[in-house]
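Visitor: only geometry, no sequence info:
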């Protein structure tokens, strides 16, 4: 019967609607009524002063970046939208059809079918269409009266999730998802057959949550208890038994929260699916566990494991990026710490205060008994001697500036960096700022590496200053020595950058000898909120650049001050949404 229904559904023609966004952006061909599974060639032809961007489906998911491609018809009514970008330099498309890009094959779509078993156990929504592999599809199961939900399963009985609402990632094959239900009468007097409707006394079915229990590593020992569905608040006793040559570390959640170090543990289920991990460590010579008494329910639960914060910093901040800024961990738990070097920098090591902690850029960190700050130190090392704006540091000392970007109204922080291969004492240098951006000298801060110095600032003009530091000692280092605040006026033009120059540098070694140092100038750029590609125009290209960075974490230009469009301190998909809002707001002006 199921095969007959599917065949009948495939034989029906459903509409394929094509839309242009904006409507005047171009013309489209390929709309009509087609059977499910039929390959339909659709084509977008850009109008004069427009150029084609991409096709999206009814869920606003990009399905092709080719103006002409083959779309596999689903059993539902489908809508494809061709997106165009206004570009006065673009001519209209030639009258002859453009052949598809030879290097880009037509996308392959796979059917995702969603079923319930037994059919009277509940209803399902989602799926029922063709998708590209890797598409995230939300499916939802709703239980009928006198039934409980067991979980989502593949046809080969592979368990996927115990949540009623589940986001499934499609594979490179046709798949069927089964929502499984179990008959559970609400009262002892219910007949053997399920009663699906009781309009006089509607009953809310109980919600059960899956508790999965696993051993990590699997050869470290065995676990019992759990691996079933429970009401929230149920007390479930789980037990871990160690194998020979292993010791038991404790019960953990997947987020590394340690629950207890007792092998026999009574866990109280939550209003969500949970996984408990019994963690073991290889320890040659350790015997396996003797038979242990099960802890009675009356024994008080273990105190929660204390947690502490690990904070990551980069010095200098332009030297590289870190995989997180801070994280709260339970004592004894682990996390991976990774530093990625920027162009023209090399990694020097992880430090706690001034003590070397680790030499690898990526390592497994074990949380101790107190908060800790790990500093990733980088050393400036130009990648090519021939770069005109990047002098080779062949001397023992180098003073340099970095390129900084802000937006109108910002108080931009401009650090001065020092690379010293040997300790030094006094130092003098001259900074020249652009006439449009005079600095606020009252807000100069000296870094920890330059403590003990007396700072003297000589003002030659409102934009030219000589900085002299005397009376202190700086060790061999690569760090910022001081930071100057540069206010950017609210009415400052955007899409421009200005040079900041450093020259007339002299330093004294510890023996009193005066030596010179290499220098490198920097720039201050002023961009609009959301102008991610730096062309001084907020359009869909900025949204695409930001989305590409979120997916790949790479970009030709990346300035968090400008990319953080909603000003919440982080760059994420909400900033891409805000860019679209800005485009809509400016287009209506």
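Guide: Yep, that arrived. These figures come from a predicted structure and were not determined experimentally.
Visitor: And the helices in the stretch 51-200 of the chain?
Guide: Here the stretch 51-200 of the chain has no helices by DSSP state H, counting those that start in this stretch.
Visitor: Where does the prediction get shaky in it?
Guide: Residue ranges of the stretch 51-200 of the chain with pLDDT under 70: 89-106, 186-200.
Visitor: 90 - rerun?
Guide: 53-54, 58-66, 71-76, 83-111, 119-121, 127-133, 146-147, 155-157, 172-174, 182-200 (pLDDT under 90).
Visitor: The helix or strand containing residue 468: how far from the chain's middle?
Guide: Following DSSP states H and E, the helix or strand that holds residue 468 is strand 464-470. Chain-centre distance of strand 464-470: 42 Å, with CA atoms, centre = their mean, to the nearest Å.
Visitor: next one: stretch 411-425
Guide: Offset of stretch 411-425 from its chain centre (CA atoms, centre = their mean): 32 Å.
Visitor: That one: which residues count as buried?
Guide: Neighbour-count burial for stretch 411-425, with 16 or more other CB atoms under 10 Å as criterion, is recorded at 412, 414-420, 424-425. Where you see a C-beta, it was placed from the backbone N, CA and C, and this is true even at glycine.
Visitor: now do stretch 262-278
Guide: Neighbour-count burial for stretch 262-278 flags 262-267, 269, 273-274, 276-278 (criterion: 16+ other CB under 10 Å).
Visitor: Please apply the same query to stretch 214-226.
Guide: Those would be 215, 220-221, 223, 225-226, for stretch 214-226 by 16+ other CB under 10 Å.
Visitor: Between those, which sits nearest residue 466?
Guide: Taking CB to CB as the measure, residue 466 lies nearest residue 220 of the buried residues of stretch 214-226, at 65.4 Å.
Visitor: any idea how far the closest one is from residue 315?
Guide: 39 Å (CB to CB, to the nearest Å).
Visitor: How is the protein partitioned into domains?
Guide: Per automatic domain parsing, the structural domains of the chain span 2-107, 111-183, 208-282, 307-380, 397-526, 540-587.
Visitor: Ends of the last one, what's the gap?
Guide: It stands for domain 540-587. Length of domain 540-587, first residue to last, CA to CA, to the nearest Å: 12 Å.
Visitor: Show me the beta-bridge partners of residue 312.
Guide: Beta bridges link residue 312 to residue 374, judged by DSSP bridges.
Visitor: which parts of stretch 572-584 are buried?
Guide: Neighbour-count burial for stretch 572-584 [16+ other CB under 10 Å]: 575-576, 578-579, 582-583.
Visitor: And for stretch 528-541, what's in contact with it?
Guide: 53, 83, 85, 407, 494-495, 525, 527, 542, 545-546, 549, 555-557, 562-563, 565, 575, 578-579, 582-583, 586 (CB atoms under 8 Å, 6 or more residues apart in numbering).
Visitor: meant to ask about stretch 571-578, not that
Guide: Counting by CB under 8 Å, 6+ apart, 530, 543, 546-547, 549-550, 560, 563-566, 568 sit against stretch 571-578.
Visitor: any chance of these in TSV, plus secondary structure and distance to residue 504?
Guide: TSV is the format used below for the contacts of stretch 571-578 (DSSP: H, G, I helix; E, B strand; the rest coil; distance: CB to CB, whole Å):
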residue	secondary structure	distance to residue 504
530	coil	39
543	helix	45
546	helix	41
547	helix	46
549	helix	39
550	helix	44
560	helix	32
563	helix	36
564	coil	36
565	coil	40
566	coil	43
568	coil	42
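Visitor: Just the closest of those to residue 465, please.
Guide: For the contacts of stretch 571-578, the nearest to residue 465 is residue 560 (27.5 Å; CB to CB).
Visitor: okay, now residue 447: neighbour count?
Guide: Applying other CB atoms under 10 Å, we find 19 residues neighbouring residue 447.
Visitor: Without its sequence neighbours, what residue ends up closest to it?
Guide: Of all residues beyond its chain neighbours, the one nearest residue 447 is residue 480 (5.2 Å), with distances taken as CB to CB, 6 or more residues apart in numbering.
Visitor: and if you look at residue 141?
Guide: In space, residue 141 is closest to residue 179, 3.9 Å off (CB to CB, 6+ apart).
Visitor: I'd like to know how far the one you found sits from residue 447.
Guide: Applying CB to CB, the value for residue 179 to residue 447 is 60 Å.
Visitor: How about residue 436?
Guide: Note on residue 436: its distance to residue 447, by CB to CB, is 27 Å.
Visitor: Who does the nearest residue to residue 74 once chain neighbours are set aside form a beta bridge with?
Guide: Excluding the flanking residues, the one nearest residue 74 by CB to CB, 6+ apart is residue 129, at 4.4 Å. Counting by DSSP bridges, residue 129 is bridged to residue 112.
Visitor: Please apply the same query to residue 509.
Guide: Following DSSP bridges, residue 509 is listed with bridge partners residue 424.
Visitor: Look up phi and psi at residue 480.
Guide: Phi and psi for residue 480, reported as degrees, to the nearest 10, are phi -80, psi 140.
Visitor: All further residue positions should be reported with the first residue as 41.
Guide: Sure thing, new numbering starts at 41, so read that last one as residue 520.
Visitor: for the nearest residue to residue 458 once chain neighbours are set aside, what are its contacts?
Guide: Spatially, and ignoring its direct neighbours in sequence, residue 458 is nearest to residue 521 (4.8 Å; CB to CB, 6+ apart). Shown in contact with residue 521 (CB under 8 Å, 6+ apart): 456-458, 467, 486-487, 489-490, 509, 514.
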